[in-house]
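Engineer: sequence and computational prediction follow.
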Amino acid sequence: MPVFTHLDDDRARMVDVSAKGEVYRRAVAEGTINLRPDTLKAIRDGTVIKGNVLATARVAATLAVKDTPRIIPMCHAIPVHGIDITFDFTKTGISAQVTVISAGKTGVEMEALVGVSTALLTIWDMVKSAEKDEKGQYPVTGITDIRVLEKVKQDL
């Protein structure tokens, strides 16, 4: 029978990391949202009716990184020392990349993944009226390829 790190019988628990030493940690996550060409043009031109899409997504991602332990039940609250959020336009959408830096006892991958997911969801929310078809559906819009690109762990 397997030994679970986050379960005692039927009770979920957070792993004790108090004995671990602090190390430098960095994680980079990315993902993509596919959008209609007219929507991409409106984002580039700054004409989306809800306002500045990428600035709003950047703020949302920052808040999400800091709130990761409230969203993912077994994540530890960690000191976040740096967050960098970038966006690149592709032919069919926007790619978001979130880098999170910390010095602590546990990694920052979940923080980077939550940040990139929230950035992409915020973009969707900001442009959803432009993305709907005549039936109120989203035939083009989709979030794909969310993944960790890099994880770094080094002694301080």
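Structural biologist: Yep, that arrived.
Engineer: same for the helix ranked longest in the chain, what does it pack against?
Structural biologist: Assignment by DSSP state H gives helix 109-131 as the longest helix of the chain. With contacts taken as 3 or more CB pairs under 8 Å, 6 or more residues apart in numbering; DSSP states H and E, helix 109-131 sits against strand 23-34, helix 37-45, helix 53-66, helix 68-71, strand 82-89, strand 93-104, strand 142-155. Where you see a C-beta, it was placed from the backbone N, CA and C, and this is true even at glycine.
Engineer: can you mark which positions in the fifth one are buried?
Structural biologist: So the one you mean is strand 82-89. 83, 85, 87 (16 or more other CB atoms under 10 Å).
Engineer: tell me who's in contact with the second one.
Structural biologist: Meaning residue 85. When contacts are counted by CB atoms under 8 Å, 6 or more residues apart in numbering, residue 85 touches 57, 58, 61, 62, 96, 97, 98, 99, 115, 119.
Engineer: that older thread, looking at the helices and strands packed on helix 109-131, which is closest to residue 12?
Structural biologist: Nearest of the helices and strands packed on helix 109-131 to residue 12, taken as CB to CB: helix 68-71 at 14.0 Å.
Engineer: re the thing from before, tell me which two of the contacts of residue 85 sit farthest apart.
Structural biologist: Going by CB to CB, the pair spanning the contacts of residue 85 furthest: 57 and 99, at 15.0 Å.
Engineer: for the two, indicate the residue with more neighbours.
Structural biologist: More crowded of residue 57 and residue 99, by other CB atoms under 10 Å: residue 57, with 26 against 22.
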